[in-house]
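>>> show me the folded form of this:
(2 chains)
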Amino acid sequence: MAFLAWLSGSPLGEWVSGSTWAYPGLLFLHTLGLGILVGLNSAVGLRLLGFAPQIPVADMEPLFPYMWAGFWVNAFSGAVLFVADAPKKAANPSFIVKLVLIAAAVVVMRTLRRDAFPRSGVALPRARLLAAASLALWAGAITAGRLMAYTTALR
Amino acid sequence: MITSFAVWLETTSVSHAITSHSWIWPTCETLHFIGLALLFGNVGILDLRLLGALKRLPVAPLNRLVRWGVLGFVINLLTGVVFFVGAPTQYVANIAFALKLIFMLLAAVNLAVFYVSGAARTVIRLGPGDDAPALAKIIAATSLFLWVGVMFWGRMLPFIGNAF
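Take a look at the predicted model:
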């Protein structure tokens, strides 16, 4: 775990925890990315679950680049936030749960894009199930992320 | 006056109840972020369409998604009230909180302009590929700017002000 301590003591780690604006700025970016990714994902998911049935499903595919943009904003802002406080975050059970949920949500998102927007133009039946799973997984990731502030290291 | 109201509110039993049950605050925070995503995503999709991205989407059926955005707003209004009642004194003298409310008010004015100007009635007729009129684009861009601003000021509550 020397590596985690080294991370938080690195110039980047020192900058985030020392500068007045770095930490709040990164938290804001992390919230913005969340809004874009989870928000647009909810629109796609709700459509696939049958709400807003008049929206042509195929025309929602161009949302994916925006969702991925939100994802990368959060991957980077999250990585920098992690560096600043690496030993504590790595030991926080909520953080581990959050990462697992995000990994699963990313797999579901990629599968969903393939199954809901196939070349044939007709979404596969399991796209509904994937849509429900992606809504639940992102909501779970938000919950675990929020709870990081309330849970501490397991000893 | 607002400060004495906040001080009084903080002495009420409902305010005490909110802060004395340790699960209430984190639960409301979680819901507040889920509401944020619902609002931003399902209103943002309409804004993006009007601005010319996702142009193949017809506008009228996006209405059904906007309802989920409204649900997100209601969730955040309710959970926001819980935060305020639970710890009012940390918000009333907080510049970030004032700016957050001002941005929300401006978003409401922007929405009113959308309906009163007739832009809402015009865009509802836009089919796949149709370009939105300039006024609708300005309203859409303003909506995105203001909601990002609401998020920004909300996130700054603990840093510019001293809210937890």
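>>> what's the closest non-adjacent residue to the residue in chain B that chain A sits nearest to?
Across chain B, the shortest distance to chain A (CB to the nearest CB) belongs to B:Gly41, at 2.0 Å. Quick note: C-beta positions are derived from backbone N, CA and C, even for glycine. Distances taken as CB to CB, 6 or more residues apart in numbering or on different chains place A:Gly39 nearest to B:Gly41, at 2.0 Å, with adjacent residues excluded.
>>> same question for B:Leu157.
B:Ala163 (4.1 Å).
>>> B:Asn94 is in contact with that neighbour, correct?
Yes: counting by CB atoms under 8 Å, B:Asn94 is a contact partner of B:Ala163 at 5.8 Å.
>>> which neighbours do the two share?
Both B:Ala163 and B:Asn94 are contacted by B:Leu157, under the criterion CB atoms under 8 Å, 6 or more residues apart in numbering or on different chains.
>>> on that earlier part again, show me what the strand or helix carrying the residue nearest to B:Gly41 is packed against.
Using DSSP states H and E, A:Gly39 maps to helix A:22-48. Contacts defined by 3 or more CB pairs under 8 Å, 6 or more residues apart in numbering or on different chains; DSSP states H and E place helix A:22-48 against helix A:11-18, helix A:63-84, helix A:93-116, helix A:126-147, helix B:24-51, helix B:63-86, helix B:134-156.
>>> check whether the third one comes near chain B.
Meaning helix A:93-116. No: Helix A:93-116 stays clear of chain B (CB under 8 Å from any CB of the partner chain), getting no nearer than 10.2 Å.
>>> with just CA atoms, put that helix into CSV.
Extracted as CSV, the C-alpha positions of helix A:93-116 are listed here (Å, rounded to 0.1, in the frame of the first residue of the first chain):
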residue,chain,number,x,y,z
PRO,A,93,-15.9,-0.4,1.0
SER,A,94,-18.4,2.0,-0.7
PHE,A,95,-15.6,2.9,-3.2
ILE,A,96,-15.0,-0.8,-4.0
VAL,A,97,-18.7,-1.4,-4.5
LYS,A,98,-18.9,1.8,-6.7
LEU,A,99,-16.1,0.5,-9.0
VAL,A,100,-17.7,-2.9,-9.3
LEU,A,101,-21.1,-1.3,-10.2
ILE,A,102,-19.5,1.0,-12.7
ALA,A,103,-17.6,-1.9,-14.4
ALA,A,104,-20.8,-3.8,-14.7
ALA,A,105,-22.7,-0.8,-16.0
VAL,A,106,-20.0,-0.2,-18.7
VAL,A,107,-20.3,-3.8,-19.8
VAL,A,108,-24.1,-3.5,-19.9
MET,A,109,-23.9,-0.2,-21.8
ARG,A,110,-21.7,-1.7,-24.5
THR,A,111,-23.9,-4.7,-24.8
LEU,A,112,-27.0,-2.6,-24.8
ARG,A,113,-25.7,-0.5,-27.7
ARG,A,114,-25.1,-3.6,-29.7
ASP,A,115,-28.4,-5.2,-28.9
ALA,A,116,-30.7,-2.2,-29.0
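>>> which strands or helices does that helix pack on?
helix A:22-48, helix A:63-84, helix A:126-147.
>>> ranking those helices by burial, who's on top?
helix A:22-48 (a mean of 23; mean count of other CB atoms under 10 Å in any protein chain shown).
>>> so for that helix, mean pLDDT?
The pLDDT scores in helix A:22-48 average 97.
>>> and A:Ala123, how far is that from A:Glu61?
Distance of A:Ala123 to A:Glu61, given as CB to CB, to the nearest Å: 11 Å.
>>> overlap in contacts of those two?
A:Phe117.
>>> which one of these two is surrounded by more residues?
Between A:Ala123 and A:Glu61, counting by other CB atoms under 10 Å in any protein chain shown, A:Ala123 is the more crowded of the two (19 against 14).
>>> which residue sits closest to the more buried one, ignoring its sequence neighbours?
With sequence-adjacent residues excluded and distances taken as CB to CB, 6+ apart, A:Ala123 is closest to A:Ala116, at 4.5 Å.
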